[in-house]
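> Curious how this folds, go ahead:
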Amino acid sequence: MEPGVKLALTGRYVHEREIKRSRFVAVAFPAESPVAALEGLERERERDATHNCWAYRVGELYRFSDDGEPAGTAGRPILAAIDGRGLDRTMVVVIRHFGGIKLGAGGLARAYGGTAAACLRGAPCVEVHHRTRLVVEVPFDAAGAVYKLIDRHGATRLAEDFRAEGVVIDIEIDDRSAAEFRSAVLDATRGRAVLTERA
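The predicted model follows:
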């Protein structure tokens, strides 16, 4: 793949394996934002499972959880599997049903990371181009027009903050659309919007 191009999942994918009587089920799915990743976690979480460990990567943003397993043995290896496959906008939940045999820290890391990696190797993907983080500060009376432009240009809303003078919207947008989006926002707000690129 060319520099700046990453992979994204095209849908939900499940992989299951048994390791020393414990059943590990990895569920991978696209997540356009951290909020979407955590909403997906709530849908996929198995309440009767021993552990529901997870990780997501959305651009530069990532989080992971060991969900009660020893620190560093589950969430981080799952994130490493996502990054190792070159994936973006991806959430992976690995659900464990304990089978009575302890695996030890190294065994757990291999089990969680390996199950996530095997799931992602089989999951259908497409190439996605590099995305830029932009902070858009806009007065309230122009916010509606900016939200429409965000949707029209395929940008992802990562966060928003409402202040006395207006709204601050943190977005991510494909590099190829960024210049056109900037121009459209400035036109729509008569130059009152402030756009700042975030590293």
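
> Going by C-alpha atoms from here, please, whenever you check contacts or count neighbours.
Fine.

> isn't residue 133 right up against residue 198?
Yes: proximity of residue 133 to residue 198 meets the contact threshold set by C-alpha atoms under 8 Å, at 5.2 Å.

> who touches the lowest-mean-pLDDT helix or strand in the chain?
Least confident helix or strand of the chain, by mean pLDDT, DSSP states H and E, is strand 125-128 with a mean of 85. Strand 125-128 has contacts (C-alpha atoms under 8 Å, 6 or more residues apart in numbering) with 5, 6, 7, 8, 9, 10.

> Strand partners (parallel or antiparallel) of that strand?
The pairing partners recorded for strand 125-128 under DSSP bridges are strand 6-9 (antiparallel).

> now the chain, which segments are flagged as low pLDDT?
Across the chain, residues meeting the criterion (pLDDT under 70) sit at 1-5, 199.

> can you list the domains in it?
6-127, 131-198 (automatic domain parsing).

> Give me the more crowded residue out of residue 133 and residue 198.
residue 133 (22 against 11; other C-alpha atoms under 10 Å).

> And the helices in the protein, which stretches?
Using DSSP state H, the helices of the chain run over 34-44, 75-84, 104-122, 140-152, 175-188.

> Just say which of these is most tucked in.
Most buried of the helices of the chain, by mean neighbour count (mean count of other C-alpha atoms under 10 Å): helix 75-84, with a mean of 22.

> Which elements pack onto it?
strand 51-58, strand 61-65, strand 90-97, helix 104-122 (3 or more C-alpha pairs under 8 Å, 6 or more residues apart in numbering; DSSP states H and E).

> Let me know the distance separating the residue in the chain sticking out farthest from the centre from residue 114.
Within the chain, residue 190 marks the point farthest from the mean C-alpha position, 33.6 Å out by C-alpha atoms, centre = their mean. Separation of residue 190 from residue 114 (C-alpha to C-alpha, to the nearest Å): 52 Å.

> How about residue 107?
Computed as C-alpha to C-alpha, the residue 107 to residue 114 distance reads 10 Å.

> ok, now residue 106?
Distance of residue 106 to residue 114, computed by C-alpha to C-alpha: 12 Å.

> Number of residues surrounding residue 162?
12.

> partners of it in the sheet?
residue 167.

> From what I see, it and residue 168 are in contact.
Yes: Residue 162 lies in contact with residue 168 (C-alpha under 8 Å); the separation is 6.4 Å.

> Any chance of JSON lines for the helices and strands packed on helix 75-84, columns distance to residue 22?
Shown next, in JSON lines, are those (distance: least, C-alpha to C-alpha, whole Å):
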{"stretch": "strand 51-58", "distance to residue 22": "11"}
{"stretch": "strand 61-65", "distance to residue 22": "19"}
{"stretch": "strand 90-97", "distance to residue 22": "6"}
{"stretch": "helix 104-122", "distance to residue 22": "10"}
